[in-house]
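Asks: I would like to see how this sequence folds:
(one chain, ligands or ions: 1)
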Amino acid sequence: MAKKTVADVDVKGKKVLMRVDFNVPLDGSKITDDRRIAQALPTIKSVIERGGRLILMSHLGRPKGGPEPKYSLKPVASRLSELLGKDVKFANDCIGPEVEQLANSLKDGDVLLLENLRFHKGEEKNDPQFSAQLAGLGDVYVNDAFGTAHREHASTFGVPQLMQGKPRVIGFLIQKELKFLGEAVSNPKRPFVAILGGAKVSDKINVIEQLLTKADTLLIGGAMAYTFFLAQGKEVGKSLVERDKVELAKGLLARASGKIKLPIDNVISDQMTDDAKTSIVEGNIPADKEGFDIGPKTREAYKAEIAKAKTIIWNGPMGVFEKKPFAEGTRAVAQAVADATAKNGAVSIIGGGDSAAAVEQMHLADKVSHVSTGGGASLEFLENGHFSTIDILD
Ligand code: AMP
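Replies: The predicted structure follows:
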């Protein structure tokens, strides 16, 4: 269902309470990658340029439910101020009388950033009292934090529930994510090729189930492939596997009617290091070795499938791409996805997390249709096709 966005709300003179994802990587108090802040700018600017009084809330890192200076959002306020070219006020907490006073003293076009939501246990517990205090700050609710849209936390669920009767809308970042992921799920151009990799089958089991009903082909790489190898009765040596998921993998293969493609060959070694000595094997992996990447024949086979695709979704690297000897499979797939986008007009979606990091590293992020800002969120969207946190918005 089409959702109203912040553009549909008259925000002039209103206190706009906006959930953003400012969970940026920090080195001390230095922000090492400010993309998450930059991605929220269109929605932020739309509010302040139209005279809204903006109150931003976010989490950062994984504090244990109380204030921890290393997870303070204060450095983010400075960076946001630089990016906007205007003052950004900062509140030392996210609830309480001081915050209320700051919120009430905002003028049209002002910006206030609240301290880390997760300094209160109530955020992740979706505590009603905590939610009520946050909800009391705003006249309008906006969610533009795609990365946490799959979590029913106070700021993403309890607050908009309590703000019923007031405008509650999505921002432009979530709008874009829903457009790409939603169309891929509900109305994909075919052939639809899904590429899944990474460490564990268990993390992606539900999404594999779903994609089996929607995609035409599923290309499997990463350590995940070796649990499927076990299901086929192949030997995997010391490779990372989940033995308790072998039966599940057997069931998936039985139901897949040939849609699931597994590696033909693998790059193996006895160590996962930057100077590891590697070799290539087809089929079984020797007892004293581990599989760390898809091999050259698999790369070619996967490239050929990707080249034919009109819709591509990729989540999870094809190998231990962080280490040079095992990065080639992921690189080849990234290049193939970029090529299919340019040459075959494919809609290509990178599902956040490590595959997004790989595509950025290889300078291919602007050669694909969409790089999702939420790894877990995009997987959950592919699985369920909607989010309860978005369903409750206008
Ligand atoms: P995920 O978060 O499930 O997407 O997993 C990503 C991680 O899986 C990356 O850190 C990769 O290094 C790791 N990975 C991918 N392939 C393998 C493999 N064959 N063996 C061990 N780890 C792997």
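Asks: Pick out the residue in the stretch 101-250 of the chain sitting closest to the ligand.
Replies: Nearest to the ligand in the stretch 101-250 of the chain, going by Cβ to the nearest ligand atom, is residue 198, at a distance of 2.5 Å. All C-beta atoms are positioned from the backbone trio N, CA, C, and that covers glycine.
Asks: Could you tell me the end-to-end distance of stretch 71-90?
Replies: With Cα to Cα, to the nearest Å as the measure, stretch 71-90 spans 14 Å from end to end.
Asks: where do the helices sit along the stretch 251-394 of the chain?
Replies: Ranges of helices in the stretch 251-394 of the chain, per DSSP state H, counting those that start in this stretch, are 296-308, 328-343, 353-361, 375-384, 388-391.
Asks: Enumerate the residues of this protein near the ligand.
Replies: Within reach of the ligand by Cβ under 6 Å from any ligand atom, the chain has these residues: 198-200, 203, 222-223, 240, 291-292, 316-317, 319-320, 322, 353-354.
Asks: Just the residues you listed: which are in strands?
Replies: Among those, the members found in strands (DSSP state E) are 291-292.
Asks: Taking the residues of the chain next to the ligand together, which two end up most distant?
Replies: Largest separation among these by Cβ to Cβ: 291 and 353, giving 20.8 Å.
Asks: Which one's more surrounded, the two?
Replies: Legend: neighbour count by other Cβ atoms under 10 Å for residue 291 and residue 353, higher for residue 291 (28 against 20).
Asks: That one is in contact with residue 223, isn't it?
Replies: Yes: contact criterion Cβ atoms under 8 Å: residue 291 and residue 223 qualify, at 7.4 Å.
Asks: shared neighbours of those two, anything?
Replies: By Cβ atoms under 8 Å, 6 or more residues apart in numbering, residue 291 and residue 223 have these common neighbours: residue 239.
Asks: Find the nearest non-adjacent residue to the residue of the stretch 101-250 of the chain closest to the ligand, please.
Replies: Closest residue to residue 198 apart from its sequence neighbours, by Cβ to Cβ, 6 or more residues apart in numbering: residue 316 at 2.9 Å.
Asks: picking that back up, export the helices of the stretch 251-394 of the chain to TSV and tack on mean pLDDT and distance to residue 57?
Replies: Below are those laid out as TSV (pLDDT from 0 to 100; distance: least, Cβ to Cβ, whole Å):
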stretch	mean pLDDT	distance to residue 57
helix 296-308	98	40
helix 328-343	97	34
helix 353-361	89	23
helix 375-384	89	17
helix 388-391	97	14
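Asks: neighbours of the closest residue to residue 224 other than its chain neighbours, just the number please.
Replies: Take residue 224 and drop its neighbours on the chain: the residue closest to it by Cβ to Cβ, 6+ apart is residue 201, 4.9 Å away. Neighbour count of residue 201, defined by other Cβ under 10 Å: 26.
Asks: so who does residue 201 touch?
Replies: Contacts of residue 201 (Cβ under 8 Å, 6+ apart): 208, 224, 227-228, 242, 245, 248-249.
Asks: mind checking the SS state of residue 238?
Replies: Assigned with DSSP: H, G, I helix; E, B strand; the rest coil, residue 238 falls in the coil class.
Asks: Give me the neighbour count for it.
Replies: Look at residue 238: counted by other Cβ under 10 Å, it has 15 neighbours.
Asks: please renumber so the chain begins at 33
Replies: Fine by me, first position is 33 from now on; the one you just mentioned is residue 270.
Asks: give me every residue that touches it.
Replies: 302, 319-322.
Asks: Filter the residues you listed down to the buried ones, PyMOL style.
Replies: Remark: buried members of these, expressed as a PyMOL selection using 16 or more other Cβ atoms under 10 Å:
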select buried, resi 321+322
